[in-house]
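> sequence first, then the predicted structure, then my questions.
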Amino acid sequence: MRQIMLTVLLVLASTGLAWGHGEAATATSPNGRLTLKTQPTGYALYHEGRLAMEIPVVGLGEPTGKGPGAPLRLVRRISEEYNMLTGKRLHCTNEGNEYVATLPHGCRLVARLYNDGLAFRYEREGGGASQEKLLEATTYRIAEGERRWMQQWTEAYEGFFPLSTTAKVKAERSFTPPSLSPDGFNNRWGYPALLEPADGLFVLVSEANIERGQSASCLYNDGELFRVTPDATTTAPSGNWHTPWRVLIVGSQADVVESTLVTDVSEPSRLDDVSWIHPGVVSWIYWAYNHGSNDYQIIKKYVDMAVTLRLPYVLIDAEWDEMKDGKTIEDAVAYARSQGVKPLIWYNSSVGWVDGAPGPKYRLNKPEDRERELAWCERIGVAGVKIDFFSGDTQRNMDYCIDLLECAARHHLLVNFHGATIPRGWQRTWPNLLTTEGVYGAEWYNNVPTFTDRAARHNATLPFTRNVIGPMDYTPCTFSDSQHPHITTRAHELALTVLFESGLQHLADRPESYLAQPDKVQQFLSRLPVAWDETRFLSGYPGETVVIARRSGATWYVVGINGTDEIATLNIPLERLPAGLGAMEAFLDANIGLEDDGKVRQWDILTLATVPSTLRCAPRGGFVMKSK
């Protein structure tokens with residue numbers, strides 16, 4: 001027995017897993033699939049022996065590219081369970097091994113290897129002059145030729161994730177002036193960034209747990225080297241401090257899509273009472289009526305639609321402070337409440353787009369004004385606020401968002417951040433944050449013709465990219481056309497309501513469009529959950545096809561879309577689903593029959609004896625199956 005124990009300890013020590021047994025060149029995840037190894041410069045992350053990511057430079061200060069990665073020392077094992085109100089799953093678990101390494105400038109690297117990825121940050125202790133502001137040096141190597149889906153940075157994160165094998169791409173149109181390399185290529189990139197360093201091995205790069213006094217970051221590249229670059233801050237760190245977590249989700253497509261690593265490393269909920277927070281489906285005015293929220297009669301139409309479809313919420317969007325015909329927002333809120341519908345109302349953040357933008361403006365910026373305004377919302381019966389037009393990832397914006405979340409929580413208000421940065425785990429820390437835009441969504445059918453031809457492929461990319469990291473207010477499910485047409489099918493559009501996770505799911509189409517659909521489609525929307533007990537990735541590939549299953553209570557939903565312009569066969573691996581699901585109510589594109597304009601107009605709504613292993617899908621089509 002003594003010899004066996006000695007052998008075990010020696011093996012543990014050699015792999016860096018011996019508790020308190022000095023330093024090692026390799027750190028390992030609990031399941032052994034991920035290893036972080038010191039290199040002649042920096043570190044390298046491996047998944048089952050295959051290189052997932054090189055991190056040639058770590059630490060604070062100007063990168064030199066010299067020196068090996070510091071030895072790693074195991075300090076603790078992590079085993080955690082927590083509950084969410086929204087997201088891919090309501091009960092989350094994670095396991096990890098935490099290591100530390102001593103770096104220059106009084107800094108230490110804290111690295112956590114989880115079974116589905118790596119999270120790391122830098123910590124410093126002390127105060128005074130020793131806490132001078134130091135640039136972060138973290139650098140990832142993304143080799144030319146490596147497949148990647150990366151969004152060019154823009155302050156509202158409203159861009160595409162096109163497949164590429166090079167960083168040398170021209171800047172796309174954006175509200176934010178692009179950053180260009182000397183040779184004229186875009187060189188600033190937003191999170192998340194999806195990479196495929198080897199066939200079937202995926203890495204999603206992001207960050208998590210932005211706290212007060214911190215800015216968010218993005219990636220700037222110089223050739224193959226992509227440096228983590230925090231946005232502007234106004235104060236130097238003091239006392240004991242740390243950076244946000246840099247996050248790499250690693251593994252198969254299922255590992256990435258199903259991961260909760262962003263919330264795993266974020267601070268637990270700050271709220272003692274969450275009984276007032278209720279995710280739900282929202283009737284939304286803007287897509288069909290850009291200025292509809294200043295018209296009481298149009299607001300009534302959307303309240304009445306919510307009543308008919310039994311939706312819990314209605315969103316009264318911009319310009320409600322300029323309501324016509326002698327009506328006020330209080331009249332609209334009172335009408336919604338009288339019909340049993342909870343109203344949400346819109347505000348301009350007044351830090352981004354202000355001049356020429358809609359209002360109400362300047363009501364939330366000063367603490368005393370914000371407190372008064374949100375107290376008024378609570379008093380008249382508003383259930384939540386949508387706050388729009390922020391100005392990027394600076395510390396000023398991050399602190400302002402935290403101020404808004406805290407004040408809204410004091411007044412029992414749900415929050416939707418629009419025209420804003422992406423989720424970085426705040427949905428765990430402040431569970432009243434039910435959704436965030438940070439996505440090129442269906443409202444773009446209002447703005448430019450670009451979306452029409454790119455939407456299907458974009459939709460088939462988002463489950464692997466943007467929606468992995470948190471709720472996404474895409475505003476899905478449009479059967480009619482806005483200012484610019486869509487050429488996705490009806491079943492594709494219906495599938496988006498389940499495919500895209502959002503704690504407030506805004507149905508974007510006009511009331512007469514929804515109410516013209518078959519009764520079973522209306523019933524589907526009436527019973528649509530937005531919080532999921534479980535999520536399983538079934539099949540697909542970014543930009544081509546995707547099939548996902550989600551469970552709410554005892555009910556399973558299996559949905560898929562085709563992002564291509566050709567008929568596709570979507571695979572449904574039955575071994576990834578519970579046995580014996582039985583009959584499924586299915587919403588399909590009718591006979592994959594296309595009319596002259598290329599749009600499938602009719603539904604096939606039928607009962608299938610069980611889940612099929614494959615389904616043929618129309619170009620830009622989709623399907624929905626729901627257990628009976």
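Received the coordinates, thanks.

> enumerate every residue touching K37.
With contacts defined as C-beta atoms under 8 Å, 6 or more residues apart in numbering, K37 is in contact with 25-27, 43-46, 69. The C-beta positions use only the backbone N, C-alpha and C, and glycine is treated the same way.

> in its sheet, what does the lengthiest strand in the chain sit against?
In the chain, taking DSSP state E as the definition, the longest strand is strand 91-103. Looking at strand 91-103 with DSSP bridges, its partner strands are strand 73-83 (antiparallel), strand 107-114 (antiparallel).

> buried set for that strand?
Under the neighbour-count criterion of 16 or more other C-beta atoms under 10 Å, strand 91-103 has 92, 94-101, 103 buried.

> cool, stretch 198-208 as well?
The neighbour-count criterion (16+ other C-beta under 10 Å) identifies 201-208 as the buried residues of stretch 198-208.

> now, which of those residues sits nearest Y82?
Nearest to Y82, judged by C-beta to C-beta, of these is A208 at 14.1 Å.

> any idea which of the contacts of K37 is closest to N416?
Nearest to N416 among the contacts of K37, with distances taken as C-beta to C-beta, is L45, at 34.8 Å.

> show me the contacts for V282.
By C-beta under 8 Å, 6+ apart, the residues touching V282 are 306, 311-315, 344, 504-507.

> ok, V256 to A44 distance?
Relative to A44, V256 is positioned 19 Å away (C-beta to C-beta, to the nearest Å).

> again, but for L577
From L577 across to A44, the span is 36 Å (C-beta to C-beta).

> quick check: phi and psi on the nearest residue in space to S181 that is not next to it in sequence?
Nearest non-adjacent residue to S181, counting by C-beta to C-beta, 6 or more residues apart in numbering: N187, 4.2 Å away. Backbone geometry at N187, expressed as degrees, to the nearest 10, gives phi -130, psi 20.

> N187 reaches S179, doesn't it?
Yes. N187 lies in contact with S179 (C-beta atoms under 8 Å); the separation is 5.6 Å.

> need the overlap of contacts for the two.
By C-beta under 8 Å, 6+ apart, N187 and S179 have these common neighbours: Y220.

> of those two, which one has the most company?
N187 (23 against 16; other C-beta atoms under 10 Å).

> the more buried one: what's it in contact with?
167, 179-181, 220-222.

> now a ChimeraX select for only the buried ones of those.
Burial among the contacts of N187 is assessed by 16+ other C-beta under 10 Å; the matching ChimeraX selection reads:
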select :167,179,220,221
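
> quick one: pLDDT of R601?
For R601, the pLDDT comes out at 61.

> now the one 4 residues further on
In this model, I605 is scored at 95, pLDDT.

> for V169, what are phi and psi?
Main-chain dihedrals, V169, degrees, to the nearest 10: phi -130, psi 150.

> got it, and F451?
Dihedral angles phi and psi of F451 (degrees, to the nearest 10) take the values phi -70, psi -30.

> pretty sure it contacts E443?
No. Assessed by C-beta under 8 Å, F451 is found out of contact with E443, at 9.3 Å.

> in the stretch 451-600 of the chain, where is pLDDT below threshold?
Along the stretch 451-600 of the chain, the model assigns pLDDT under 70 to residues 591-600.

> which stretches in it count as strands?
For the stretch 451-600 of the chain, the strands defined by DSSP state E, counting those that start in this stretch occupy 504-507, 534-541, 545-552, 555-562, 568-571, 584-589.

> name the helices or strands packed onto the third one?
What it means is strand 545-552. Secondary-structure packing of strand 545-552 (3 or more C-beta pairs under 8 Å, 6 or more residues apart in numbering; DSSP states H and E): helix 490-499, strand 534-541, strand 555-562, strand 568-571.

> between these, which one is nearest to A119?
Proximity to A119 (C-beta to C-beta) singles out strand 534-541 among the helices and strands packed on strand 545-552, at 20.4 Å.

> got the angle between that closest one and strand 91-103?
70 degrees (axes from the mean of the first three to the mean of the last three C-alpha atoms, to 10 degrees).

> give the buried residues for strand 534-541.
Within strand 534-541, the residues that count as buried by 16+ other C-beta under 10 Å are 535-540.

> could you do stretch 445-455 as well?
Of the residues in stretch 445-455, 445, 451-452, 455 count as buried by neighbour count, 16+ other C-beta under 10 Å.

> now do stretch 574-589
577, 581, 584-589.

> adding distance to R424, write those residues out as a markdown table.
Output for the buried residues of stretch 574-589, formatted as a markdown table (distance: C-beta to C-beta, whole Å):
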| residue | distance to R424 |
| --- | --- |
| L577 | 32 |
| L581 | 35 |
| M584 | 36 |
| E585 | 37 |
| A586 | 37 |
| F587 | 34 |
| L588 | 37 |
| D589 | 37 |
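
> which one of the residues you listed sits closest to I380?
Using C-beta to C-beta, F587 comes nearest to I380 of these, at 38.7 Å.

> any idea how far the residue lying closest to K342 once chain neighbours are set aside is from L414?
Distances taken as C-beta to C-beta, 6+ apart place A383 nearest to K342, at 3.8 Å, with adjacent residues excluded. Separation of A383 from L414 (C-beta to C-beta): 6 Å.

> and the residue nearest the centre of the chain, how far from G425?
In the chain, the centroid-proximal residue (C-alpha atoms, centre = their mean) is G470; its distance is 3.1 Å. From G470 across to G425, the span is 7 Å (C-beta to C-beta).
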